[in-house]
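Chemist: How does the following fold in three dimensions:
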Amino acid sequence: MAAPELDASSALAFRALLTEPGRRLLDELRDLAPERELAAATRLRRDHPPELVSAAIGQARLRQRAAAKFGAEAERMYFTPDGVEQATRAPVAEWRARRLAALGARRVADLCCGIGGDALALAGAGIEVLAVDRSPLACAVAEANAAALGLSDRVTVRCAAVEDTDVSGHDAVFVDPARRRTGGGRIFAPEAYSPPLSWAVALAGRVPHAALKIAPGVPHEAIPAEAEAEWVSHRGEVKEAVLWFGTGAAHPVRATLLPGGHTLTGRARPAPAGPPGRYLYEPDGAVIRSHLVADVAERVNGRLLDPEIAYITSDEAHPTPFATAYEITDVLPFHVKRLRALLRERDVGTVTVKKRGSAVTPETLLKQLKPKGSARATVFLTRVANAPTMLLARPATDPPG
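Modeler: Got it, this is the predicted structure:
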């Protein structure tokens, strides 16, 4: 984290963008291409302070990057480099906000609010939000974002240490602790978060409901017994894990897939294993992280290819949002020359390599295969009955080649 005096100075510089000249500059730079930045800076500095021009160009660049997370709203919002990188993707934040609203939360304390992405989602769900962060720059940006999206009446931003924040009178707290070291690098140990997970769990006991954001790779043994753990993916990519308190959930783990909003709940348990069938199912990452692969196997009347690997096989086709289905065309012991010959025989020139339980890297294998042809295939490198195996497959919706 930057020194307090530097952060405060950056906040003052940022506020210059909120003036009328700053807003005009941002409007002018909205569609600025990277290769035109130098020319634009030279031209604009003739009529504007260099510091303001630099800040506006930097903000325009951040808005373009943020579009992947915030969509069209990014053009009206404000960001910091760390804020763009660390902010929750808008559909994920909106999902969490809807869950809190459904629990009856009407006043939520958003602690470690950053640039305010989660606070905006909460306010958009009709919730009154107290957004707290110790960074003056983050607070200035969060405040500007609430104003830009017309949510200032529901969002109160406070620059303070979250540990000193009084949450009495709130229905819920949302805590997104810092999980990066100063100078870069992720923090994986929950007690090394800032503030540590134990502090956030203790705080959760003081309000009716709580949602604590944690690293998706957190070990299950670190999850408090009284919490429901939810892993959320967006378009197939795991984005976050959240510990929920006060939900009354009957099951300790949940996998949620966005944008569809498909949710699977259950308890981690083993699944039976057996030989490859006609179909292979690749579970979504949220399902794998939540240890609910056995539930998906049961849904598709399937089994695991190997007891320790999250590939499901079945003799039947059962569409499910929780896994991607492939039709298996070939099952062979792992052998590069045999695979190369088979691909040549099938006229396969485009190969997608997926792996679990194999030491071979897809990049290395593709260099060895040098495929040529007009057809496509997916190669799964894995283990079957503890033996290195390769499976050729095509998406289950593809017609036979």
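
Chemist: May I have stretch 204-221 exported as PDB, CA atoms only?
Modeler: Extracted in PDB, the C-alpha atoms of stretch 204-221 (Å, rounded to 0.1, in the frame of the first residue of the first chain):
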ATOM      1  CA  ALA A 204     -19.600 -11.800  11.100                       C
ATOM      2  CA  GLY A 205     -20.800 -13.000  14.500                       C
ATOM      3  CA  ARG A 206     -21.900  -9.400  15.300                       C
ATOM      4  CA  VAL A 207     -24.400  -8.900  12.500                       C
ATOM      5  CA  PRO A 208     -27.300 -11.000  11.200                       C
ATOM      6  CA  HIS A 209     -25.600 -11.800   7.800                       C
ATOM      7  CA  ALA A 210     -22.100 -11.600   6.400                       C
ATOM      8  CA  ALA A 211     -20.300 -12.300   3.200                       C
ATOM      9  CA  LEU A 212     -16.500 -12.600   3.400                       C
ATOM     10  CA  LYS A 213     -14.600 -12.700   0.100                       C
ATOM     11  CA  ILE A 214     -11.600 -15.200   0.100                       C
ATOM     12  CA  ALA A 215      -9.200 -16.600  -2.500                       C
ATOM     13  CA  PRO A 216     -10.800 -19.300  -4.600                       C
ATOM     14  CA  GLY A 217      -7.900 -21.700  -3.800                       C
ATOM     15  CA  VAL A 218      -8.500 -21.600   0.000                       C
ATOM     16  CA  PRO A 219      -8.200 -25.100   1.500                       C
ATOM     17  CA  HIS A 220     -11.600 -26.500   2.600                       C
ATOM     18  CA  GLU A 221     -10.100 -27.200   6.100                       C
END
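
Chemist: buried sites along it?
Modeler: Under the neighbour-count criterion of 16 or more other CB atoms under 10 Å, stretch 204-221 has 204, 207, 209-216, 218 buried. Every C-beta, even on glycine, is put in place using the N, C-alpha and C of the backbone.

Chemist: between those, which is nearest residue 10?
Modeler: residue 213 (24.6 Å; CB to CB).

Chemist: Wasn't that closest one part of a strand?
Modeler: Yes - checked against DSSP: H, G, I helix; E, B strand; the rest coil, residue 213 lies within a strand.

Chemist: That one contacts residue 242, correct?
Modeler: Yes - counting by CB atoms under 8 Å, residue 213 does reach residue 242; the two are 5.5 Å apart.

Chemist: Now do the SS call for residue 287.
Modeler: At residue 287, secondary structure determined by three-state DSSP is helix.

Chemist: burial of it, as a residue count?
Modeler: By the criterion of other CB atoms under 10 Å, residue 287 has 29 neighbours.

Chemist: Quick check: chain neighbours aside, which residue is closest to it?
Modeler: In this structure, residue 287 finds its nearest non-sequential neighbour in residue 255, 4.7 Å apart by CB to CB, 6 or more residues apart in numbering.

Chemist: How about residue 199?
Modeler: residue 163 (6.9 Å).

Chemist: A helix includes that neighbour, no?
Modeler: Yes - applying three-state DSSP, one finds residue 163 inside a helix.

Chemist: tally of neighbours for it?
Modeler: 12.

Chemist: go on, residue 48?
Modeler: Using other CB under 10 Å as the criterion, the residues surrounding residue 48 number 17.

Chemist: Can you check the distance spanned by stretch 317-327, start to finish?
Modeler: Across stretch 317-327, the terminal residues are separated by 9 Å (CA to CA, to the nearest Å).

Chemist: Helix, strand, or coil at the most far-flung residue of the chain relative to its centre?
Modeler: In the chain, counting by CA atoms, centre = their mean, residue 46 sits farthest out from the average C-alpha position, at 42.1 Å. Assigned with three-state DSSP, residue 46 falls in the coil class.

Chemist: Would you quantify the distance from it to residue 153?
Modeler: Remark: distance between residue 46 and residue 153 (CB to CB, to the nearest Å) = 40 Å.

Chemist: one step back: if I look at the residue nearest to residue 199, what pLDDT would I see?
Modeler: Listed pLDDT for residue 163 reads 96.

Chemist: One more: residue 183?
Modeler: Residue 183 carries a pLDDT value of 59.

Chemist: Start at 568, not 1
Modeler: In the new numbering, first residue 568, that becomes residue 750.

Chemist: buried ones in the helix or strand where residue 677 lies?
Modeler: Residue 677 is located in strand 674-678, with elements delineated by DSSP states H and E. Under the neighbour-count criterion of 16+ other CB under 10 Å, strand 674-678 has 675-678 buried.

Chemist: Break down the stretch 768-917 of the chain into its strands, ranges please.
Modeler: In the stretch 768-917 of the chain, the segments counted as strands under DSSP state E, counting those that start in this stretch are 776-781, 795-801, 804-812, 820-825, 829-833, 846-850, 870-873, 876-881, 890-900, 915-922.

Chemist: now these as JSON lines including distance to residue 624 and mean pLDDT?
Modeler: Output for the strands of the stretch 768-917 of the chain, formatted as JSON lines (distance: least, CB to CB, whole Å; pLDDT from 0 to 100):
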{"stretch": "strand 776-781", "distance to residue 624": "32", "mean pLDDT": "97"}
{"stretch": "strand 795-801", "distance to residue 624": "30", "mean pLDDT": "98"}
{"stretch": "strand 804-812", "distance to residue 624": "29", "mean pLDDT": "97"}
{"stretch": "strand 820-825", "distance to residue 624": "33", "mean pLDDT": "98"}
{"stretch": "strand 829-833", "distance to residue 624": "41", "mean pLDDT": "96"}
{"stretch": "strand 846-850", "distance to residue 624": "43", "mean pLDDT": "98"}
{"stretch": "strand 870-873", "distance to residue 624": "52", "mean pLDDT": "97"}
{"stretch": "strand 876-881", "distance to residue 624": "45", "mean pLDDT": "98"}
{"stretch": "strand 890-900", "distance to residue 624": "41", "mean pLDDT": "97"}
{"stretch": "strand 915-922", "distance to residue 624": "39", "mean pLDDT": "97"}
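
Chemist: Serialize these to JSON lines and add fields for distance to residue 599.
Modeler: What follows is the strands of the stretch 768-917 of the chain, written out as JSON lines (distance: least, CB to CB, whole Å):
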{"stretch": "strand 776-781", "distance to residue 599": "33"}
{"stretch": "strand 795-801", "distance to residue 599": "28"}
{"stretch": "strand 804-812", "distance to residue 599": "28"}
{"stretch": "strand 820-825", "distance to residue 599": "31"}
{"stretch": "strand 829-833", "distance to residue 599": "39"}
{"stretch": "strand 846-850", "distance to residue 599": "40"}
{"stretch": "strand 870-873", "distance to residue 599": "50"}
{"stretch": "strand 876-881", "distance to residue 599": "44"}
{"stretch": "strand 890-900", "distance to residue 599": "38"}
{"stretch": "strand 915-922", "distance to residue 599": "36"}
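
Chemist: I am finished for the moment; much appreciated.
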